[in-house]
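Student: Turn this into a structure:
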Amino acid sequence: MGEARLVWHEDTELGGVDVVVVPGGFSYGDYLRAGAIARFAPAMEAVARHAAAGRPVLGICNGFQVLCEAGLLPGALLPNDSLRFVCRQVELEVESTATPFTSECRSGERLSIPVKHESGRYFAPPEQLDQIEARGGVVLRYGPGQNPNGSVRDIAGVVNEHRNVMGLMPHPEHAVDPLTGSDDGLRIFTSLAASAARRDREPLNI
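Tutor: Numbers count the residues shown, from 1 in each chain. Below you'll find the model as predicted:
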């Protein structure tokens, strides 16, 4: 996993990549609902096939919203409680290390990573939340007093049932150098790199 490749939204193939990252931003201006239009992009069909094959998919901020809209992750991202755009550093707690995205972290480890969003409030019905919690699907939570958007149960990041698709609202790619306030975001990417290297030797068990 040494080369990055940009995938255009009209692409129908991913070109044999190891890991897909659906980035943050404002897809289609979020004019209908965050991620609601982007989920119909041809590239998302290829992303769905990649995920179905057990390969890692990471959605960051708007990418998380797109993955939820596409049904690749449970729940939904709603407008922040404040109804305002929030941009600040927050502390996250690692809930699970049994994923390709957190395998190099420690359970309970604190990560300092910024959030930058207006619709980042994670929501799912109570019964679905209980199911997600029971299977260890909550990977990251906002630390005490750190929840910036009103996310239910302080949820900042979740994985699918097979643990190969993850979404999170904070931006780990903006926390890769101490000059930016933290390099804790590297923990996510080093975990992915290590998991991809292991996959080359041993197929992912799903």
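Student: which of the residues in stretch 144-157 are buried?
Tutor: Under the neighbour-count criterion of 16 or more other C-beta atoms under 10 Å, stretch 144-157 has 146-149, 151, 154-157 buried. All C-beta atoms are positioned from the backbone trio N, CA, C, and that covers glycine.
Student: what's the offset of the top helix by length along the chain from the middle of its chain?
Tutor: For the chain, the helix that runs over the most residues, judged by DSSP state H, is helix 186-201. Put simply, helix 186-201 sits 15 Å off its chain's centre (C-alpha atoms, centre = their mean, to the nearest Å).
Student: for stretch 115-134, same thing?
Tutor: The answer for stretch 115-134 is 12 Å, by C-alpha atoms, centre = their mean.
Student: what comes up buried for that stretch?
Tutor: Result for stretch 115-134 [16+ other C-beta under 10 Å]: buried residues 115-124, 129, 132.
Student: Then stretch 186-202?
Tutor: Buried, per 16+ other C-beta under 10 Å, within stretch 186-202: 186-189, 191-193, 195-196, 199.
Student: will you turn these into JSON lines that also has pLDDT?
Tutor: Below are these laid out as JSON lines (pLDDT from 0 to 100):
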{"residue": "Leu186", "pLDDT": "97"}
{"residue": "Arg187", "pLDDT": "96"}
{"residue": "Ile188", "pLDDT": "97"}
{"residue": "Phe189", "pLDDT": "95"}
{"residue": "Ser191", "pLDDT": "96"}
{"residue": "Leu192", "pLDDT": "93"}
{"residue": "Ala193", "pLDDT": "91"}
{"residue": "Ser195", "pLDDT": "86"}
{"residue": "Ala196", "pLDDT": "80"}
{"residue": "Arg199", "pLDDT": "71"}
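Student: Great, nothing more from me.
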